[in-house]
Structures are given as C-alpha cells and as structure tokens.
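**Q** please work out how this folds:
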Amino acid sequence: MTKKERSIEDIMLRSHLWLGICAVLCTWGTFVLLQRPVSFRYLGFVLVGTMTIYSLHSVLTQKSAQDAPAAVWPALVRGTLILGAVVTVILYLFLNRINQLILLFPAGMALLYVFPVYRGKRLKDFPFIKIIAIVLAWTTVTYWIPVHSISHWWSETGFTYLLVDRLLFFFALAIPFDIRDIQYDQSHHLKTIPNTIGLHNSQNLALFALFLASGFMAMGMEALGLDGPVKIGLLVVYLLLGAIIIQLKRLPGPKFYSWGIDGVLFLYGFVLLLLVK
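**A** As a prediction, this is how the structure comes out:
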C-alpha cells in the first residue's frame, strides 16, 4: 500500500466515514427490503450522525489518537465532530416529526453513553449496558425508522421476526468489539460480556446469536413472501460474519474490525440492494 493510499485509509477510518457509509448501506437496503420509499435526506442524516457520534466517542476516549501523529488525527476527528454536529442538527430539523421523536431515543443513549448520567457514571459504566445501548440504537436507526411507516407493522409476524433478527444480528456484531476492547474495559472497570465469561465463550455466544438471527430472518422472509435469493444472500452474509467471529481467537489488529466487521454492514445492505426486486 502506497503512502497516499494509507493516508486515504486512515482518513476514512479515523473520521468514521467508512462506518457511516456502512450504516447508510444497511439502512438503505432495509428501506428497499421493506418496499418503503427511500428517504435520502434520512440517509444523509445517518451518514453524518454516525460520523459525529463516533467522533465524539473517539475524542472523549482518545482512541483515535493512538498510533497517529498527535497534531494530525485528533484535529481531523475534532473537525469531523464540530462540522458533523452542525450538519446533523440541520438534517435532523428537516426530518418528519415522527422520525424526529423516534430518533431522540438512540440520540439520547448515544450521548448518555459517553456523558455522566448518574453519580458521575455513564451508561457504559453500568454492567452490560454498553452492548444493550449499541444494539438498541443501531436497530432503531436501521430498522425501526424504515418499518414504522408501515401501518400496523407490529401485527404482521414477518416484520416482528425481522425485528428480532436485526436485534440478534447487531448483538452478534457488537460482541467482537467488546472482545477488541477487553483490556481497555478491564482497566476502566467496565463489566462487559468478554471480561465476564471470557473470549472463547463470548465467541460462542455471538455465533449462537447469529444462528438465531438467521432463523428469524428466514422465517421473516418467508412470512413476507420475499424471494429466495434474498434469503440466501443474507445467509451468506451471516456465514461470513460467523467466519470472522471465529477468527477473533487470533486477536487481529484494529483494521480487521473496521474493514472486516463494519464491512459486514456494507455487504448486508449491498446484498439487499442487489437482490430485492
């Protein structure tokens, strides 16, 4: 990799642009899967909002400054945070009222995740709340917003199955990041699944959640009468995530998580955009 290519890679990862793109693809694919009109204004909000909240987290934990020139990458992250916060608020104001109200939930959790909520403690300081907050926030942004416009969606078992599928999918996706952060969490006395039951058991739990997710996904697709190729395509994505989770025992570097695991979200959305008719 050339110096220029490495610089582009660093900018995409440290500004969280890549994660924002992955979030957009996953959300866009969900709109298409549910046969809902795609709101590109909302997708813009997802892109900038994801970059902003993860940049905020990076600034407060200073993780993005690791292995980088101190005067360069923190400035990039802070710039992303400031500009992103302004753009996020502007885009939020142009969303419809129902979406604004729903998004208060993940936005509130994202802020309380890094700012003290009770006796100087953040949400992430409470046992196992870290992963619950992440799963609920990502499910709300990528599934609840697209599905809520369907009248009485909760009475249709297919949509309910897909909701459970999405919750379990993000749970399986989040455990690897807790494995990555196990030393950081232990040093800060944060009780998470990996530093409670160990790496191997955490892998097994993630794989079991992914297995359940694939079952609910298949039942949801069948209940909604969706084509077989879509189901098969998503099963391939789930198998790929399973293979990635198995590789965690080798303790890969940070970029493995960014490109590999975050990339599963990109692939998830790409498969839906490609195969849903």
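
**Q** give the buried residues for the helix or strand harbouring residue 90.
**A** In the assignment (DSSP states H and E), residue 90 maps to helix 73-93. For helix 73-93, the neighbour count (16 or more other CB atoms under 10 Å) marks 73, 74, 76, 77, 80, 81, 84, 85, 87, 88, 91, 92 as buried. No exception for glycine: its C-beta is placed from N, CA and C like everyone else's.

**Q** same question for stretch 213-230.
**A** Here stretch 213-230 shows 213, 214, 216, 217, 218, 219, 220, 221, 224, 226, 230 as buried, counting by 16+ other CB under 10 Å.

**Q** now flag whichever of those residues is closest to residue 156.
**A** residue 224 (7.6 Å; CB to CB).

**Q** in space, what's closest to the closest one - neighbours in sequence excluded?
**A** residue 158 (3.7 Å; CB to CB, 6 or more residues apart in numbering).

**Q** for that neighbour, which residues are in contact?
**A** 219, 220, 221, 222, 223, 224 (CB atoms under 8 Å, 6 or more residues apart in numbering).

**Q** close enough to count as contact, the fifth one and residue 217?
**A** No. With contacts counted by CB atoms under 8 Å, residue 223 stays clear of residue 217, the gap being 10.8 Å.

**Q** shared neighbours, those two?
**A** With CB under 8 Å, 6+ apart as the test, residue 223 and residue 217 both reach residue 161.

**Q** circling back to that earlier point, can you add distance to residue 48 and pLDDT and give the buried residues of helix 73-93 back as JSON lines?
**A** As requested, the buried residues of helix 73-93 are exported to JSON lines (distance: CB to CB, whole Å; pLDDT from 0 to 100):
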{"residue": "73", "distance to residue 48": "19", "pLDDT": "57"}
{"residue": "74", "distance to residue 48": "20", "pLDDT": "68"}
{"residue": "76", "distance to residue 48": "15", "pLDDT": "71"}
{"residue": "77", "distance to residue 48": "14", "pLDDT": "74"}
{"residue": "80", "distance to residue 48": "9", "pLDDT": "80"}
{"residue": "81", "distance to residue 48": "11", "pLDDT": "87"}
{"residue": "84", "distance to residue 48": "5", "pLDDT": "93"}
{"residue": "85", "distance to residue 48": "9", "pLDDT": "94"}
{"residue": "87", "distance to residue 48": "5", "pLDDT": "96"}
{"residue": "88", "distance to residue 48": "5", "pLDDT": "96"}
{"residue": "91", "distance to residue 48": "6", "pLDDT": "96"}
{"residue": "92", "distance to residue 48": "10", "pLDDT": "96"}
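
**Q** please work out the average pLDDT along the strand or helix carrying residue 24.
**A** Here residue 24, judged by DSSP H and E, is contained in helix 17-33. Across helix 17-33, pLDDT averages out at 97.

**Q** show me what it is in contact with.
**A** With CB under 8 Å, 6+ apart, helix 17-33 has contacts from 11-12, 37-39, 42-43, 46-48, 50-51, 54, 138, 141-143, 145-147, 226, 230, 258-259, 262-263, 265-266, 268-273, 276.

**Q** filter these to the buried ones?
**A** Burial by neighbour count, judged by 16+ other CB under 10 Å, picks out 12, 39, 42-43, 46-48, 50-51, 54, 138, 141-143, 145-147, 226, 230, 258, 262-263, 265-266, 268-272, 276 from the contacts of helix 17-33.

**Q** now, which of these lie within helices?
**A** In this view, the buried ones among the contacts of helix 17-33 that belong to helices under DSSP state H are 12, 42-43, 46-48, 50-51, 54, 138, 145-147, 230, 262-263, 265-266, 268-272.

**Q** the nearest residue to residue 244 once chain neighbours are set aside: neighbouring residues, count only.
**A** Counting by CB to CB, 6+ apart, residue 244 lies nearest to residue 260, which is 5.3 Å off, once chain neighbours are set aside. By other CB atoms under 10 Å, the residues close to residue 260 number 17.

**Q** residue 192 versus residue 82, what's the distance?
**A** 30 Å (CB to CB, to the nearest Å).

**Q** hey, where'd the helices end up in the stretch 101-250 of the chain?
**A** Counting by DSSP state H, counting those that start in this stretch, the stretch 101-250 of the chain has helices at residues 129-139, 145-147, 157-180, 182-187, 194-197, 199-223, 228-247.
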